[in-house]
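A.B. asks: turn this into a model:
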Amino acid sequence: MTRKRPNRPAGLDGLLQGASALADVPTVTLLTAQLRPAAFQPRQHFDPDTLTELADSIRKQGVLQPLLVRPSGAEFEIIAGERRWRAAQQAGLTHVPVYVRDLTDEQATRAALLENLHREDLNQYEEAAATLRLVALTLGVDEDTARARMYAAARGTNTEDRTVLEDLFAAASLGSWQSFTTNKLRILKYPDAIVQAMRGGLHYSIAAVIASAPETHQAELLALALGGAGYREVKARRAELEARPTPLRVDPARVTQVGKRIGSVKWLGTLDDRAQKDLQAWLNRMPDSVRKAMNLPD
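C.D. replies: As a prediction, the model looks like this:
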């Protein structure tokens, strides 16, 4: 018996078509001063060096790909092409070519996400954040719920979303949703220092090694990576750090005193019923890690 495929979510076709169906939209020229970035721009980091390279190219060839904008009062909001707009200003251009479209907030957000996801220079944190936001829009939920549903789909406990995710990632050319869920979704929960480093270009494979290390080692590993160390070097240094003896965090004198008391049968014989019950209850609450370290039976 063939399993019935879930209905294609309303808005998925529009999401994909709306971002690319510009063939019938005429190109016009607007003043760079008339344009402003959108609040929902997926790209947050603009590398100065690559921006300068693009500005140099624009000086020689102009803006080859028009920006996508929408009317916003007396100005126009940039849906796709903020980087080109910034580079054009840096190159001294006063006008840029644009496509003007009337888009709702949701349509504009989707178009911006898709356009940026197909740019090679989008850093990996921004790529993960944009992909999750695209999934959330498609499922019609907030991003935390979308993340939970993706993990559930990957575990096989939520089969209804699997086809939706497969359709979305295939139609938007985003690769495998399973691979994204397993390898990249966790990026969004990394510590702030690691996230900032990724926004600056740190590769997610190195970031993953650092983020999964004990918190006490992360600063040193991050500094090593930012200094130019590669994946193998960072991983090897993490292994060295984790092989060190754990710093002593207990009071040796107090432990010795407790051990002598509990080890004395004579002292145990002086305890009344209440004290013996309390001592036994205390022993029963012994943490598993301590029990295993002492080779005690469960």
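
A.B. asks: every contact and neighbour count from this point should use C-alpha atoms.
C.D. replies: OK.

A.B. asks: ramachandran angles for residue 203?
C.D. replies: phi -70, psi 140 (degrees, to the nearest 10).

A.B. asks: wait, it sits on residue 124?
C.D. replies: Yes - contact criterion CA atoms under 8 Å: residue 203 and residue 124 qualify, at 7.3 Å.

A.B. asks: neighbour count for these two, which is higher?
C.D. replies: residue 124 (21 against 17; other CA atoms under 10 Å).

A.B. asks: next up, the contacts around the more buried one.
C.D. replies: Residue 124 sits next to 198, 199, 201, 203, 204 when contact means CA atoms under 8 Å, 6 or more residues apart in numbering.

A.B. asks: quick one: which of these is nearest residue 37?
C.D. replies: Distance to residue 37 across these (CA to CA) is lowest for residue 199, with 18.9 Å.

A.B. asks: contacting residues for that closest one?
C.D. replies: 45, 123, 124, 125, 126.

A.B. asks: if you set the cut-off to 6 Å instead, what comes out?
C.D. replies: residue 123 (CA atoms under 6 Å, 6 or more residues apart in numbering).

A.B. asks: give me the distance between it and residue 47.
C.D. replies: Noted for residue 199: a distance of 9 Å to residue 47, by CA to CA, to the nearest Å.

A.B. asks: surely residue 66 meets residue 95?
C.D. replies: No - under the criterion of CA atoms under 6 Å, residue 66 makes no contact with residue 95, lying 11.1 Å away.

A.B. asks: what touches both of the two?
C.D. replies: Counting by CA under 6 Å, 6+ apart, nothing touches both residue 66 and residue 95.

A.B. asks: quote the end-to-end distance of stretch 172-179.
C.D. replies: 15 Å.

A.B. asks: confirm that residue 70 sits in a strand.
C.D. replies: Yes - assessed with DSSP: H, G, I helix; E, B strand; the rest coil, residue 70 lies in a strand.

A.B. asks: give me the neighbour count for it.
C.D. replies: By other CA under 10 Å, neighbour count at residue 70 equals 21.

A.B. asks: same question, residue 264
C.D. replies: Neighbours around residue 264, by other CA under 10 Å: 10.

A.B. asks: what about it, distance to residue 149?
C.D. replies: For residue 264 relative to residue 149 (CA to CA), the value is 56 Å.

A.B. asks: before we move on, what about residue 251?
C.D. replies: Distance from residue 251 to residue 149, by CA to CA: 46 Å.

A.B. asks: the more surrounded of the two?
C.D. replies: Neighbours of residue 251 and residue 149, each counted by other CA under 10 Å, are more numerous for residue 149; the result is 22 against 8.

A.B. asks: which residue comes closest to the more buried one once chain neighbours are left out?
C.D. replies: Using CA to CA, 6 or more residues apart in numbering and skipping the chain neighbours, the partner closest in space to residue 149 is residue 158 (7.0 Å).

A.B. asks: all strands for this protein, in order.
C.D. replies: For the chain, the strands defined by DSSP state E occupy 27-31, 35-37, 67-72, 75-80, 95-100.

A.B. asks: using TSV, lay out those strands together with mean pLDDT and distance to residue 165.
C.D. replies: Below are these laid out as TSV (pLDDT from 0 to 100; distance: least, CA to CA, whole Å):
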stretch	mean pLDDT	distance to residue 165
strand 27-31	88	34
strand 35-37	90	29
strand 67-72	89	27
strand 75-80	88	24
strand 95-100	91	30
